[in-house]
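Peer 1: Sequence unavailable; structure follows:
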């Protein structure tokens with residue numbers, strides 16, 4: 001009986017240890033959570049040793065004390081076997097000391113910044129990381145994934161149209177190889193894994209891509225279906241750097257609720273309408289106030305009213321407004337609601353003023369992105385950024401290193 005009990009306990013404990021970690025989404029008062037370099041919002045992929053910054057706003061504006069921890073994870077987001085002292089030089093679990101309050105804004109907030117490396121710690125290993133933010137009572141407030149990589153390989157990439165006739169006009173295929181003069185790959189079919197990203201998004205990335213074949217020490221990836229993404233369409237945008245003015249995308253502005261309200265023109269599905277050149281920044285955003293000197297604390301918050309005239313989707317209640325401004329999160333705060341009287345989907349989201357890309361994301365009943373039936377269609381002409389992260393664990397190593405990163409853009413797509 002005791003043996004059975006210990007066996008069950010061991011299995012349960014082992015399952016807990018190997019469970020994949022997920023991000024904890026921030027509460028309503030935490031906004032504009034982003035990683036930056038040189039004041040620009042970037043995808044959270046950083047070369048080992050290079051500086052980057054993490055920032056967010058707290059709408060309570062009460063200068064709350066926040067603390068941070070950094071945890072290392074394996075390729076599949078299970079905890080790695082490394083002790084904290086093995087991947088951090090210094091200590092974490094320290095208070096974020098760089099913050100300031102908003103200035104000349106209707107919405108009060110405190111803006112927090114955390115630099116890496118900082119006075120407390122420096123990351124010494126490549127791999128997957130989870131940055132967790134706690135309050136003064138050590139309650140977890142939210143967490144964000146980011147990646148640190150080494151440049152030990154070259155990863156030349158090329159974006160091509162699908163070789164399948166039915167997918168030729170709507171999908172992008174990522175072809176690439178991995179080359180290294182400093183590493184001799186050991187058992188690459190087992191030890192090498194690749195993750196592919198489209199515009200830096202985690203919700204539709206392609207995981208566990210293995211080499212198709214090898215030529216000497218070069219690893220070749222020339223799949224078709226295994227490395228294909230639905231191309232989507234160009235992002236929509238609005239720019240309210242002058243928060244009181246209407247523009248070609250903003251129908252009207254008021255401040256009747258005590259904060260600014262920005263009403264966008266009603267959008268309609270672009271599916272089956274053909275591709276139209278519409279330059280975007282692939283989902284990115286940039287907080288800015290036209291008359292401000294410091295956009296971090298002088299850009300105001302506004303309720304942005306999105307509307308979508310799509311009666312053909314009336315029976316589908318799984319449409320979300322997404323972009324880097326909300327980290328492409330699929331939750332109730334970003335989920336649209338159907339107004340039966342007006343026949344349109346609507347959603348109001350509190351967003352920091354500036355230039356914002358956004359799109360409408362359709363999901364199935366299991367919260368999985370339904371890219372095949374994208375509301376705005378899929379067109380091979382769409383310009384997207386693609387990223388490949390190369391994970392490698394040599395025989396005898398205790399953690400998954402990221403030994404290279406490849407980037408490509410579909411502007412130069414070929415057949």
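Peer 2: Ah, there it is. Quick caveat: nothing in here was measured; it's all calculated off a predicted structure. Numbers count the residues shown, from 1 in each chain.
Peer 1: gap between stretch 368-379 and the chain center?
Peer 2: Put simply, stretch 368-379 sits 18 Å off its chain's centre (C-alpha atoms, centre = their mean, to the nearest Å).
Peer 1: buried residues in it?
Peer 2: 369-371, 374-379 (16 or more other C-beta atoms under 10 Å). No exception for glycine: its C-beta is placed from N, CA and C like everyone else's.
Peer 1: And stretch 377-392, by the same measure?
Peer 2: 377-380, 382-392.
Peer 1: Check stretch 356-372 too.
Peer 2: The neighbour-count check on stretch 356-372 (16+ other C-beta under 10 Å) flags 356-363, 369-371 as buried.
Peer 1: and the two most separated of those?
Peer 2: 356 and 370 (23.2 Å; C-beta to C-beta).
Peer 1: just the buried residues of stretch 377-392 now: which is nearest residue 74?
Peer 2: For the buried residues of stretch 377-392, the nearest to residue 74 is residue 391 (8.6 Å; C-beta to C-beta).
Peer 1: can you tell me which helix or strand residue 388 belongs to?
Peer 2: strand 385-392 (DSSP states H and E).
Peer 1: Please work out which residues outside the helix or strand that comes right after that strand touch it.
Peer 2: Next helix or strand after strand 385-392 toward the C-terminus (DSSP H and E): strand 401-409. Contacts with strand 401-409, where a contact means C-beta atoms under 8 Å, 6 or more residues apart in numbering, come from 45, 47, 125-128, 147-159, 174, 176, 178, 180, 183, 383-393.
Peer 1: 6 Å instead?
Peer 2: Contact with strand 401-409 is made by 126-127, 149-150, 152-153, 155, 157, 159, 176, 385-392, as judged by C-beta atoms under 6 Å, 6 or more residues apart in numbering.
Peer 1: residue contacts, residue 153?
Peer 2: 178, 180, 390, 403-404.
Peer 1: And it, how far from residue 182?
Peer 2: According to C-beta to C-beta, to the nearest Å, residue 153 and residue 182 sit 8 Å apart.
Peer 1: Stretch 316-331: which residues count as buried?
Peer 2: The neighbour-count check on stretch 316-331 (16+ other C-beta under 10 Å) flags 316, 318-328, 330 as buried.
Peer 1: Among those residues, which pair sits farthest apart?
Peer 2: 316 and 324 (24.4 Å).
Peer 1: Could you chop the chain up by domain?
Peer 2: Domain segmentation of the chain under the TED database yields 30-149, 157-232+381-409, 236-373.
Peer 1: residues touching the spatially most central residue of the chain, list them.
Peer 2: Central residue of the chain (C-alpha atoms, centre = their mean): residue 201, 4.3 Å from the mean position. Counting by C-beta under 6 Å, 6+ apart, residue 201 touches residue 328.
Peer 1: That one falls within a strand, correct?
Peer 2: No - with DSSP: H, G, I helix; E, B strand; the rest coil as the criterion, residue 201 is coil rather than part of a strand.
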